[in-house]
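Student: Have a look at this prediction, sequence included:
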Amino acid sequence: MWSNLLSASIFYLIAIASIIFAILSVTLKNMFHSALALIVMLLGVAAVYIYLDAEFLALVQILIYVGAIMTLVIFAIMLTAEIYNKNIKRQNQQKLISLIIASSMAGFLIFVLSRFKAQGGVSFFEPLTLAMIGKELLTKYVLPFELISIILLAALVGSAAISKKE
Amino acid sequence: MIPLSHYLILSAILFSIGLYGVFTRRSAIGILLSLEIMLNAVNINFVAFAKFMAPHSLAGQIFVIFTIGVAAASTVVGLAIIVAIYHNYKTIFVDEIDVMKW
């Protein structure tokens, strides 16, 4: 009873923190701070994965998003943006209409989803383990698995070709 | 036990925040960051539906693994394009890069 309450309240704390840091990430003036806020939001999403019994995905999230992609993004920010110039406008003139569109979309989705009931119920039987993920990935889903490696190779070669000096 | 709709509401809020960021950011890197928020919201949806609607199936989690892979590839290519644009135009603000508009 108490442990259920505790875990639920920790979940809502994590969810609210993720939302706050996502808002910070899209509104902060300094692009570097914005990337740091996005890192906290990605960690929050990893915690949500743990609540959904997807521990492997949480690890992948931390390793790939926080470890690799955000490092790359911070490198790109250092290479391009004028971070410390306070006078540059960071947002365009469409703030009000974007706020209206985004909040009406959020309101509509919340209105629809809050009356959504799962009929499947809870899953207390056999937990899905990492070994099962590996087995499925190399038997049933082996074609998309190989395709994604080709896509990653193409992205590697393509980004090296695009960003090299003439 | 947190109900499914709360995960979905969290994901909807994160998606809308990402949408707002894509609409309002001037810097191309800011748009990429907002896109990452939207992709993460979609991933939460996948895992939540997989857990509550099909608890025996791993399809949701495996789909998220592929989504993360494709998102990583697209981010890498996008950042390479941004760096190349910066070399040529000395700006990454998307309203100043308008040579392909009329």
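Tutor: On my side now, so go ahead. Numbers count the residues shown, from 1 in each chain, chains lettered A, B, ... in the order given.
Student: Going by C-alpha atoms from here, please, whenever you check contacts or count neighbours.
Tutor: Fine.
Student: Tell me where chain B is predicted with low confidence.
Tutor: Within chain B, the ranges that satisfy pLDDT under 70 run B:102.
Student: How about chain A?
Tutor: Residue ranges of chain A with pLDDT under 70: A:81-86, A:118-127, A:166.
Student: Now stretch B:3-14: buried residues?
Tutor: B:L4, B:S5, B:H6, B:Y7, B:L8, B:I9, B:L10, B:S11, B:A12, B:I13, B:L14 (16 or more other Cα atoms under 10 Å in any protein chain shown).
Student: Quick one: the helices in chain A, in order.
Tutor: Taking DSSP state H as the criterion, chain A contains helices spanning A:2-27, A:31-51, A:55-60, A:70-80, A:95-113, A:130-139, A:142-163.
Student: With mean neighbour count as extra columns, can I get those helices in TSV?
Tutor: Below are those laid out as TSV (neighbours: other Cα atoms under 10 Å in any protein chain shown):
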stretch	mean neighbour count
helix A:2-27	17
helix A:31-51	21
helix A:55-60	18
helix A:70-80	17
helix A:95-113	16
helix A:130-139	13
helix A:142-163	15
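Student: Same list, the ones you listed, but as JSON lines with distance to B:Y89 please.
Tutor: Output for the helices of chain A, formatted as JSON lines (distance: least, Cα to Cα, whole Å):
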{"stretch": "helix A:2-27", "distance to B:Y89": "24"}
{"stretch": "helix A:31-51", "distance to B:Y89": "19"}
{"stretch": "helix A:55-60", "distance to B:Y89": "36"}
{"stretch": "helix A:70-80", "distance to B:Y89": "11"}
{"stretch": "helix A:95-113", "distance to B:Y89": "26"}
{"stretch": "helix A:130-139", "distance to B:Y89": "44"}
{"stretch": "helix A:142-163", "distance to B:Y89": "14"}
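Student: residue closest to the middle of chain A?
Tutor: Central residue of chain A (Cα atoms, centre = their mean): A:L42, 4.9 Å from the mean position.
Student: for that one, what are its contacts?
Tutor: A:L42 makes contacts with A:S18, A:Q61, A:I62, A:Y65, A:V66, B:N40, as judged by Cα atoms under 8 Å, 6 or more residues apart in numbering or on different chains.
Student: Please convert those to CSV, extending it with distance to B:S27.
Tutor: Shown next, in CSV, are the contacts of A:L42 (distance: Cα to Cα, whole Å):
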residue, distance to B:S27
A:S18, 23
A:Q61, 25
A:I62, 25
A:Y65, 20
A:V66, 21
B:N40, 21
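Student: And chain A, what are its domain boundaries?
Tutor: Listed by automatic domain parsing, the domain ranges of chain A are A:1-81, A:127-166.
Student: and the gap between the residue nearest to the centre of chain A and A:F11?
Tutor: Note on A:L42: its distance to A:F11, by Cα to Cα, to the nearest Å, is 15 Å.
Student: Equivalent analysis for A:K89, please.
Tutor: With Cα to Cα as the criterion, A:K89 and A:F11 are 36 Å apart.
Student: cool, and B:G18?
Tutor: Counting by Cα to Cα - B:G18 and A:F11 are separated by 21 Å.
Student: Then B:I13?
Tutor: From B:I13 to A:F11 the distance is 15 Å (Cα to Cα).
Student: Return the set of buried residues in the top helix by length along chain B.
Tutor: Counting by DSSP H, the longest helix found in chain B is helix B:59-89. For helix B:59-89, the buried set under the neighbour-count rule, 16+ other Cα under 10 Å, comprises B:59-87.
Student: So which of the residues you listed reach chain A?
Tutor: Near chain A, judged by Cα under 8 Å from any Cα of the partner chain, the entries from the buried residues of helix B:59-89 are B:61-62, B:64-66, B:68-70, B:72-77, B:79-81, B:83-84, B:86.
Student: Let me see the contact set for B:G69.
Tutor: By Cα under 8 Å, 6+ apart, the neighbours of B:G69 are A:I148, A:L152.
Student: Need phi/psi at B:L35.
Tutor: Main-chain dihedrals, B:L35, degrees, to the nearest 10: phi -60, psi -40.
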